[in-house]
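In: Dropping the sequence and predicted coords here.
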Amino acid sequence: MDLQALFTIYKESQLSGRYITNKHIQPILEEYKGVCDVRVEGRSVLGKPIYSILAGTGDIRIFIWSQMHGNESTTTKAIFDLLSFLNSEDAFAKTLLGHFTLYILPILNPDGAEAYTRVNANAVDLNRDSVYLSQPESKVLRKCFEEFKPHYCYNMHDQRTIFGVGDAPMPATVSFLSPAYNDEREINDSRQKAINLIAAMNDTLQEHIPGQVGRFDDSFNINCIGDMFQSLGVPTVLFEAGYYQGDHEREITRKFIFFALLSGINAIYENVIAVNRSEEYFNIPQNKIVFYDILFKNVKINYENKEKITNFASQYREVLFDNSVIFQAIISEIGNLDTMHGHAEIDCNGAEFSTDEGNKMPKTDEKANFFIGERRKFVNGQEV
């Protein structure tokens, strides 16, 4: 398969950026009503519809949900890219739809999506509600799981820009996890299938983003939905859509999630995931927190009336403003930071830090608006 060509042709043009809500997907769902089974499975805390899409007629059932965390929208875009391909006239797409049935909840947390928050309207993290099922969204997810009886589960998320792959200064653009099913993190048949599937998807991604695929921590927590479904005997894969160089809107990352989704489905179709690939899976480097968005090096500051040379970092906060997401650079940490990297790194060569207010030292949690030396002005962390 020429995955790049397929993405270019079938990318869902109606979705872009970080802010994806029910209002954005509803026109697409209307278009799919003639070719897929589109339903309302339930309602959120604030009464918003939780939509489902049933595509395909095959015997192998894959259950997919996205935006369990409302501000994690990259995988939602990629799911609609996949649906755009599957509902095309492409011969292989028709073959897959005859082999698989996909049951998709594109936005599980519509209240959180609209407010651009991780949690739902009751301030509950739905990924910590798999035991008590205290929230209406959690109940919808569990009901759909039990009624569909999937052979595979795909738990779709975004991860922050702070994660790198291993100790190398490479961003974790895509990360995976085959969740544990018990405290001992043993490997049973269902976890093994998820491991083998991840190894197959990693093979594909290494051709496109070598060294930028990570493995998430597999500490067991039965309150997490992936761990719960794995413990119930269904192979479950966690997808984490991360940062690609210069891609804060995650428009490039969505492409690699599309690559992973389609190559994984193809691996199941070709029945190439039966071989034990645990060694390859555990050789995928584990995610580590090694990045800031911007790292300023060798800056002269005045600390308690003493001049010194140090480093400081800023991190973007994603803020919802006028129905779009803006990125506000906030000063995050000051100090040596020798173990950290920046997605952007600026060597200030000993020039002095200052602000309009006359401060000679960065302050954490303040906006990254400052001067370096006499001529270099930075607004929102960027030189202007």
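Out: Sure, I can see it.
In: mind listing what's buried in the biggest strand by length in the chain?
Out: For the chain, the strand that runs over the most residues, judged by DSSP state E, is strand 306-321. Residues of strand 306-321 classed as buried: 310-316 (neighbour count, 16 or more other Cβ atoms under 10 Å). (C-beta placed from N, C-alpha, C; glycine too.)
In: Equivalent analysis for stretch 327-343, please.
Out: Buried-residue list, stretch 327-343, by 16+ other Cβ under 10 Å: 327, 329-334, 337, 340-343.
In: Just name the closest of these to E357, please.
Out: Nearest to E357, judged by Cβ to Cβ, of the buried residues of stretch 327-343 is I331 at 13.8 Å.
In: Show me what the helix or strand that closest one falls within is packed against.
Out: Element membership of I331 [criterion: DSSP states H and E] is strand 324-335. In terms of contacts (3 or more Cβ pairs under 8 Å, 6 or more residues apart in numbering; DSSP states H and E), strand 324-335 is packed against strand 291-303, strand 306-321.
In: nearest to Q4, of the buried residues of strand 306-321?
Out: Closest to Q4 out of the buried residues of strand 306-321 is Y316 (28.2 Å), distances taken as Cβ to Cβ.
In: bridging residues for the closest residue to F216 other than its chain neighbours?
Out: The shortest distance from F216 to any residue other than its chain neighbours is 3.8 Å, reached at L177 (Cβ to Cβ, 6 or more residues apart in numbering). Bridge pairing for L177 (DSSP bridges) gives the partners L238.
In: got it, and I104?
Out: Bridge pairing for I104 - DSSP bridges - gives I53, I64.
In: from what I can see it touches G56, true?
Out: No - the pair I104 / G56 is not scored as a contact, 10.4 Å apart, by Cβ atoms under 8 Å.
In: These two: which is more packed in?
Out: Taking neighbours as other Cβ atoms under 10 Å, I104 and G56 compare with I104 leading, 24 against 21.
In: pLDDT (mean, whole number) over the longest strand of the chain?
Out: The average pLDDT within strand 306-321 is 97.
In: Just the CA trace of stretch 280-291, in PDB.
Out: Only the C-alpha atoms of stretch 280-291 are listed here, as PDB (Å, rounded to 0.1, in the frame of the first residue of the first chain):
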ATOM      1  CA  GLU A 280      10.200  -6.500  19.300                       C
ATOM      2  CA  TYR A 281       7.500  -4.800  21.200                       C
ATOM      3  CA  PHE A 282       9.500  -4.400  24.400                       C
ATOM      4  CA  ASN A 283      12.400  -3.100  22.300                       C
ATOM      5  CA  ILE A 284      10.300  -0.100  21.400                       C
ATOM      6  CA  PRO A 285      11.800   2.600  23.600                       C
ATOM      7  CA  GLN A 286       9.600   3.700  26.500                       C
ATOM      8  CA  ASN A 287       8.400   7.300  26.600                       C
ATOM      9  CA  LYS A 288      10.300   9.700  28.800                       C
ATOM     10  CA  ILE A 289       9.700  13.300  29.800                       C
ATOM     11  CA  VAL A 290      12.700  14.900  28.100                       C
ATOM     12  CA  PHE A 291      11.300  17.900  26.200                       C
END
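In: what's in contact with it?
Out: Applying Cβ atoms under 8 Å, 6 or more residues apart in numbering, the contact partners of stretch 280-291 are 159, 161-169, 171-172, 175-176, 178, 195-196, 198-199, 202, 213-217, 240, 243, 339-343.
In: Now restrict those to buried residues only.
Out: Among the contacts of stretch 280-291, those buried by neighbour count (16+ other Cβ under 10 Å) are 159, 161-166, 171-172, 175-176, 178, 195-196, 198-199, 202, 213-216, 240, 243, 340-343.
In: follow-up on the earlier one: can you list the helices and strands packed on strand 324-335 in TSV and add distance to T364?
Out: Shown next, in TSV, are the helices and strands packed on strand 324-335 (distance: least, Cβ to Cβ, whole Å):
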stretch	distance to T364
strand 291-303	12
strand 306-321	9
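In: secondary structure element for E374?
Out: Residue-wise, E374 maps onto no helix or strand under DSSP H and E.
In: roughly how far apart are it and Y303?
Out: 20 Å (Cβ to Cβ, to the nearest Å).
In: ditto for L54
Out: Counting by Cβ to Cβ, the gap from L54 to Y303 is 61 Å.
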